[in-house]
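> just to be clear, the model below is a prediction. Sequence and coordinates:
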Amino acid sequence: MFDKSASKIIFTGPVGAGKSTAINAISDTPVISTEQKATDAVKQRKETTTVAMDYGVIRLDEGENIHLYGTPGQTRFNFMWEILVTNALGIVVLVDSANKNPLGDLDFFLNSFSHFIQNKAIVVGITRTDLPGKHNLDDYHRVLKEHHYNPPIFEVDARKKNDISILIQALLFSVDQSLEETIELAE
């Protein structure tokens, strides 16, 4: 059963997929971030990178809070992944469609979080679909099917609150299908 008083959702995915951006877009409170200047190969893609987590909160209309945690995308910080998924309701996997190998990224994160995903809800968001290199959603479904998962999957703009709201609503509905299809997030 969905316990709205202890709600925790994880955002994960590779560097640059939009985890920090998504949490900033939807959070009703100022986001706590551990962004630091990128000093390795990541600096070729972006100036900063998450080294521990991002944290934000959204409020449902009933006043309950959903706590949002974004994982670092770099594997050298993967020790945080296990810490962050503890007691979470589910996971949002964001994949950057403009990356060199977005299907490989999805496969990697499904494998990395497989112990968690087996017993929890998952939803997949494909970001940066406006850039070259876009795969068809069927390609992503194929990778998910290879892992024996059939989660909701959406093309999203991580900067748009409505797009991230749809991901969260789909995840919450997957957690407890007795919830109404449209869970209203506080405006």
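Great, that's in hand.
> counting contacts, what elements does the helix ranked longest in the chain pack onto?
For the chain, the helix with the greatest residue count under DSSP state H is helix 161-175. With contacts taken as 3 or more CB pairs under 8 Å, 6 or more residues apart in numbering; DSSP states H and E, helix 161-175 sits against helix 19-26, strand 90-96, strand 121-127, strand 153-155. Where you see a C-beta, it was placed from the backbone N, CA and C, and this is true even at glycine.
> which parts of that helix are buried?
Neighbour counts using 16 or more other CB atoms under 10 Å place 161, 163-175 of helix 161-175 among the buried residues.
> the helices and strands packed on helix 161-175 into JSON lines, with extra columns for distance to His141?
Output for the helices and strands packed on helix 161-175, formatted as JSON lines (distance: least, CB to CB, whole Å):
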{"stretch": "helix 19-26", "distance to His141": "21"}
{"stretch": "strand 90-96", "distance to His141": "12"}
{"stretch": "strand 121-127", "distance to His141": "9"}
{"stretch": "strand 153-155", "distance to His141": "7"}
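> a markdown table for those, including mean pLDDT, distance to His67 and mean neighbour count?
Formatted as a markdown table, the helices and strands packed on helix 161-175 follow (pLDDT from 0 to 100; distance: least, CB to CB, whole Å; neighbours: other CB atoms under 10 Å):
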| stretch | mean pLDDT | distance to His67 | mean neighbour count |
| --- | --- | --- | --- |
| helix 19-26 | 93 | 10 | 24 |
| strand 90-96 | 94 | 12 | 26 |
| strand 121-127 | 94 | 15 | 25 |
| strand 153-155 | 95 | 22 | 17 |
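> out of the ones you listed, which is closest to Tyr55?
Closest to Tyr55 of the helices and strands packed on helix 161-175 is helix 19-26 (CB to CB; 7.6 Å).
> identify the residues contacting the closest one?
11-13, 31, 33, 35, 50, 54-56, 58, 68, 70-71, 73, 92, 94, 125, 156, 158-161, 163-165, 167-168, 185 (CB atoms under 8 Å, 6 or more residues apart in numbering).
> tell me where the chain has strands.
For the chain, strands defined by DSSP state E occupy the ranges 7-12, 32-37, 48-59, 65-70, 90-96, 121-127, 153-155.
> ok, Tyr140 - how many residues close by?
Counted with other CB atoms under 10 Å, the neighbours of Tyr140 add up to 20.
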